[in-house]
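Asker: sequence? don't have it. structure:
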């Protein structure tokens, strides 16, 4: 019965995208159908076949290995945080040490791959193949693949010239897509807290679902002349000279440090603000909290992912917490024994839903990024569509969770 409910849920999520579409007649249903079929096949392969499960397990193990290697630097700089007398093993370390400080090594690693041309080559050909198969504009296809590796604000930053030349409606599409990505360089942090195989399964599925959802909510016809492709390179200025490697690496390390500070500040601020909101709501009625309010709103959608009422309520509360704060807060809450005690279906669905940047705070980051890249008219249109941005991120997470959950029971 719950499999049927899960299937109905997928139909409902697509129907919501159609209901809120800004131009239903412009939706490319052939492209949507192709991408849904590809995502269904990927979810089936990665969860139901030994080769697929082995592939995502190997990828998750690879990220975990990188994290373990990064601990060598952490042990050297902060020995009191990881030695037996101050916590025993890496598993006993605090959130910042175990989940965030490894980013100081992983971000520069991905930037080195960018510098030597490996990542741009992968992005170029995978994006070109995706555009050919799905019939989507090349730039949007490249953008989805770039986000999978580089993150939303980073890809927006390197795409400034193209954003300024594109129409305002296409800028809105990219803003909506930006809600659904993760950054490859912090996947190692995720895999330390929730099942890595589902984290890695969610990443490519989110990519296609971001295109599907934006195609439903904000379909835009793109002429060949408008289809300009962004490039990723480590060049600066207009003289086309490559920045010296160690200067580039130094900037990368500093950027990783800023990223850690941003994530830490966001986690502290949002948890504290959510706690403050809960205290104020508790003055009205003791059981009332922000998490519960958003959780109640998300409950029908959690149930449509194929759960009995009790599990749907558990999932909806964490969905609400994730939207109000961010994925790190919920992952930290359920890490370890909590998520391992869940049923396989709940464990898979929750992990996939959490694996994205879709939350209220991300909308501010994206609007801020556009503000510094495009003119006031385009930025104002993006800001006016903040509701669509949030809806896009939620629908992508629901679709991805529903597709993966369909094969895990």
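Answerer: Received, thanks. Not measured: the values here are computed from a predicted model. Numbering: from 1, shown residues only.

Asker: use CA for all of it now, contacts and neighbours both
Answerer: Noted.

Asker: Please list all residues in contact with residue 197.
Answerer: Residue 197 makes contact with 53, 56-57, 59-60, according to Cα atoms under 8 Å, 6 or more residues apart in numbering.

Asker: pLDDT score for it?
Answerer: With respect to pLDDT, residue 197 scores 87.

Asker: do the one 3 residues further on as well
Answerer: Predicted confidence (pLDDT) for residue 200: 87.

Asker: Offset the numbering so it begins at 26, please.
Answerer: Okay, residue one is now 26; in that scheme the one you just asked about reads as residue 225.

Asker: Now do it against residue 273, distance only.
Answerer: According to Cα to Cα, to the nearest Å, residue 225 and residue 273 sit 28 Å apart.

Asker: more neighbours, the two?
Answerer: Neighbour totals were compared for residue 225 and residue 273, and residue 225 leads with 25 against 17 (other Cα atoms under 10 Å).

Asker: which helix is the longest one in the chain?
Answerer: Longest helix of the chain, by residue count under DSSP state H: helix 270-309.

Asker: tell me which strands and helices the next helix or strand along the chain from that one is in contact with?
Answerer: Scanning forward in sequence from helix 270-309 by DSSP states H and E, the next helix or strand is helix 315-328. Contacts defined by 3 or more Cα pairs under 8 Å, 6 or more residues apart in numbering; DSSP states H and E place helix 315-328 against helix 270-309, helix 334-349.

Asker: Give me the subset of the contacts of residue 222 lying in helices.
Answerer: Of these, the ones assigned to helices by DSSP H are 78, 81-82, 84-85.

Asker: hang on, the earlier thing: which of the contacts of residue 222 are buried?
Answerer: With neighbours counted by 16 or more other Cα atoms under 10 Å, the contacts of residue 222 contain buried members at 78, 81-82, 84-85.

Asker: which residue sits closest to residue 347, ignoring its sequence neighbours?
Answerer: Leaving aside its sequence neighbours, residue 347 sits nearest to residue 355 (Cα to Cα, 6 or more residues apart in numbering; 6.0 Å).

Asker: Can you give me every residue that contacts residue 86?
Answerer: Neighbouring residues of residue 86 by Cα under 8 Å, 6+ apart: residue 221.

Asker: roughly how far apart are it and residue 93?
Answerer: Distance, residue 86 to residue 93, by Cα to Cα: 10 Å.

Asker: so after the helix or strand bottoming out on mean pLDDT in the chain, what's the next helix or strand?
Answerer: When each helix and strand of the chain is scored by mean pLDDT, DSSP states H and E, helix 120 comes last, with a mean of 58. Next along the chain after helix 120, taking DSSP H and E as the criterion, comes helix 128-140.

Asker: could you say what helices and strands that next one packs with?
Answerer: Applying 3+ Cα pairs under 8 Å, 6+ apart, one finds that helix 128-140 makes contact with helix 75-102, helix 143-159, helix 270-309.

Asker: quick one: which of these is nearest residue 177?
Answerer: Among the helices and strands packed on helix 128-140, helix 270-309 comes nearest to residue 177, with 12.7 Å by Cα to Cα.

Asker: Compute the inter-axis angle for the closest one and helix 128-140.
Answerer: Per axes from the mean of the first three to the mean of the last three Cα atoms, to 10 degrees, the angle that helix 270-309 makes with helix 128-140 is 130 degrees.

Asker: What's the mean pLDDT across stretch 69-80?
Answerer: For stretch 69-80, the mean per-residue pLDDT is 88.

Asker: okay, the buried ones among the contacts of residue 222 in a markdown table with distance to residue 103 next?
Answerer: Listed next are the buried ones among the contacts of residue 222 as a markdown table, based on distance: Cα to Cα, whole Å:
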| residue | distance to residue 103 |
| --- | --- |
| 78 | 36 |
| 81 | 32 |
| 82 | 30 |
| 84 | 28 |
| 85 | 26 |
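
Asker: which residues touch the helix or strand harbouring residue 60?
Answerer: Applying DSSP H and E as the criterion places residue 60 in helix 54-73. The contact list for helix 54-73 (Cα under 8 Å, 6+ apart) reads 76-78, 80-81, 158-161, 226, 230, 233-234, 237, 240, 428-429, 432-433.

Asker: Mind doing that once more with 6 Å?
Answerer: With Cα atoms under 6 Å, 6 or more residues apart in numbering as the test, helix 54-73 has contacts from 77-78, 159, 230, 237, 429.
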